[in-house]
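In: Everything below, folded, please.
(chains A and B)
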Number of protein chains: 2
Amino acid sequence: MNEPACPLCPPPLTEPLWSADDCYVIAAAEPDWPGFCRVIWRAHVGEMTDLEPLARARVLEVVFAVEAALREVCAPDKVNLASLGNMVPHLHWHVIPRWRDDATFPGAVWAPAQRPAPAREVDLAVLRAAVVQRLA
Amino acid sequence: MNEPACPLCPPPLTEPLWSADDCYVIAAAEPDWPGFCRVIWRAHVGEMTDLEPLARARVLEVVFAVEAALREVCAPDKVNLASLGNMVPHLHWHVIPRWRDDATFPGAVWAPAQRPAPAREVDLAVLRAAVVQRLA
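Out: Numbers count the residues shown, from 1 in each chain, chains lettered A, B, ... in the order given. The predicted structure is shown next:
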């Protein structure tokens, strides 16, 4: 199930916001987008259609729980969801709160910066509680 | 249900690859990524968590049908899925076949180009048939 060279196959280095046997949620180290979370599937799978439908629904249940928690805690102008995996082809979802004044809005977070990111803080303890409540 | 200023509220200008009462699939006009599709929800909704769970599952059923069709027809190195909506906050999903030699790989398609996109063609009639078959 594990790929030796894959950085997402070992257990997470930082304490997840939420964790289960099949997947976990981390707060990404993305200072320009506080609250940016990643949902990481534990098994080394590349594409959503490599998962059985029930497993797809499960990972998305977690993605939507994080989206809902972010909307409650951060009230972003938009939420971006993406599963790319070009650099690390181990299934993970980016769940990203966006604000009209953030560094790349209305571009994707991967687009060139258009302005400095304004200071903004998200209380990760509050976000964690909101995620945990939705997945209890 | 419609927003007068929204470019995705009117019916599609080009013939969809596949169409239903609640959503449709178009081939995007993205010459650097032949096969790039968009799944567009007909109602003006901003976020996935604005939809009821059954509607979320429905739009994702279509997204995964397109992903599976792209994998069969184009055999890309990776598929990228994204629901951003920063420019057009009307729910739509990008389903993007990626190749290691495409313009921005391994970056997102929204990242700066690293090289010219090589010539590559996807037969949209074949792709359409593969999508339709999966959603019949």
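In: ok, which stretches of chain A are strands?
Out: A:18-19, A:23-27, A:37-41, A:78-83, A:92-98 (DSSP state E).
In: which residues make contact with the fourth one from outside it?
Out: In this case it means strand A:78-83. Contact partners of strand A:78-83, identified using Cβ atoms under 8 Å, 6 or more residues apart in numbering or on different chains, comprise A:48, A:63, A:67, A:70-71, A:91-98, A:105, A:108-109, B:46-49, B:80-86, B:89, B:108. The way it works is simple: take the backbone N, C-alpha and C, and place the C-beta from them, glycine included.
In: Need the buried ones from those selected in PyMOL.
Out: Here is the PyMOL command that selects the buried residues among those (16 or more other Cβ atoms under 10 Å in any protein chain shown):
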select buried, (chain A and resi 48+63+67+70+71+91+92+93+94+95+96+97+98+105+108+109) or (chain B and resi 47+48+49+80+81+82+83+84+85+86+89+108)
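In: Give me the residue at the spatial middle of chain A.
Out: Closest residue to the average C-alpha location of chain A: residue A:38 at 2.1 Å, with Cα atoms, centre = their mean.
In: Let me know the pLDDT of that residue.
Out: Note on residue A:38: pLDDT of 98.
In: is it in a bridge, and if so with what?
Out: On the basis of DSSP bridges, residue A:38 is bridged to residue A:26, residue A:94.
In: Would you mind confirming that it is in contact with residue A:94?
Out: Yes: counting by Cβ atoms under 8 Å, residue A:38 does reach residue A:94; the two are 5.9 Å apart.
In: Show me what from chain A comes close to chain B.
Out: Counting by Cβ under 8 Å from any Cβ of the partner chain, chain A comes close to chain B at A:46-49, A:56-57, A:60, A:64, A:67-68, A:71, A:78-87, A:89, A:98, A:105-108, A:110-112.
In: switch the cut-off to 7 Å
Out: A:47-49, A:56-57, A:60, A:64, A:67-68, A:71, A:78-87, A:89, A:98, A:105-108, A:110-112 (Cβ under 7 Å from any Cβ of the partner chain).
In: Excluding covalently adjacent residues, which one is nearest to residue A:51?
Out: Spatially, and ignoring its direct neighbours in sequence, residue A:51 is nearest to residue A:45 (5.9 Å; Cβ to Cβ, 6 or more residues apart in numbering or on different chains).
In: ok, that neighbour to residue A:3 distance?
Out: 10 Å (Cβ to Cβ, to the nearest Å).
In: contacting residues for residue A:53?
Out: For residue A:53, the contact set (Cβ atoms under 7 Å, 6 or more residues apart in numbering or on different chains) is empty.
In: For residue A:120, give me the pLDDT.
Out: Per the predicted model, pLDDT is 93 at residue A:120.
In: That one: neighbouring residues, count only.
Out: 16 (other Cβ atoms under 10 Å in any protein chain shown).
In: Does it touch residue A:32 like I think?
Out: No: counting by Cβ atoms under 7 Å, residue A:120 does not reach residue A:32; the two are 9.1 Å apart.
In: residues near residue A:65, how many?
Out: For residue A:65, the count of nearby residues is 22 (other Cβ under 10 Å).
In: Can you read off the pLDDT for the closest residue to residue A:128 other than its chain neighbours?
Out: Leaving aside its sequence neighbours, residue A:128 sits nearest to residue A:17 (Cβ to Cβ, 6+ apart; 4.6 Å). With respect to pLDDT, residue A:17 scores 97.
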